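A.B. asks: Need coordinates for the below:
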Amino acid sequence: MADESGSPASRRVRDSGREETEEERAHRNLSDLLQELRVALPGVQVLFAFLLTVPFTNRFNELNDFQRDLYFGVLIAVALATVLLLAPTVGHRILFRRQQKEFIVTLSNRLALIGMFLLAVSMCGAISLISDFIFGGTTAIISTTVMAAAFIGLWFAGPIIRRAKLPPR
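C.D. replies: Prediction:
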């Protein structure tokens, strides 16, 4: 159904049980995405801040080559996660008032998913590094495997399985 002007942006569409224009839907989707990122970003920032301080501690020199390499990999992964999770906000600011919400929502969704994946990798890497340093390799393998399974199951596999069971749109 279109309004009196008949313009495509003003057509009412039914999505998720809502009747709204395409522009209203894009606005709602972007708002939801930015809210979700506001929840994730403090955790990323805390992990990044922690990792930035580690080399300046007295015990950093006690890390073996594997632990030092793992530390650097985790640092880079969390930095990339930060870039990807902040990109939607920056993109929104740059494209503000340019009628690009649908583009921003689509791209930002992909960036957020990749960013969350890198956050999970970073957190598993941090768990591995700390547990290896404190308890040794066996504990590191077990704790990292448990955490990786939790991330995979709760963040990715569960929602992906649910999505596959839904009717196509």
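
A.B. asks: State the helix or strand in which the residue most central in space within the chain lies.
C.D. replies: The residue lying closest to the centre of the chain (Cα atoms, centre = their mean) is residue 116, at 2.6 Å. Using DSSP states H and E, residue 116 maps to helix 101-134.

A.B. asks: tell me what that helix is packed against?
C.D. replies: helix 22-53, helix 65-94, helix 137-150 (3 or more Cβ pairs under 8 Å, 6 or more residues apart in numbering; DSSP states H and E). Placement of C-beta: from N, CA and C, glycine included.

A.B. asks: circling back to that earlier point, wait, the residue nearest to the centre of the chain sits on residue 39?
C.D. replies: No. Between residue 116 and residue 39 there is no contact under Cβ atoms under 8 Å: 11.0 Å.

A.B. asks: Could you tell me the least trusted of the helices and strands packed on helix 101-134?
C.D. replies: Across the helices and strands packed on helix 101-134, helix 22-53 has the smallest mean pLDDT, namely a mean of 90.

A.B. asks: Could you tell me how far that one lies from the centre of the chain?
C.D. replies: 8 Å (Cα atoms, centre = their mean, to the nearest Å).

A.B. asks: just checking, what packs against that helix?
C.D. replies: Where contact means 3+ Cβ pairs under 8 Å, 6+ apart, helix 22-53 is packed against strand 12-15, strand 18-21, helix 65-94, helix 101-134.

A.B. asks: which one of these lies closest to residue 32?
C.D. replies: Between residue 32 and the helices and strands packed on helix 22-53, the shortest gap by Cβ to Cβ is with helix 101-134, which sits at 9.1 Å.

A.B. asks: Buried residues, that closest one. List them.
C.D. replies: 101, 104-105, 108, 111-112, 115-133 (16 or more other Cβ atoms under 10 Å).
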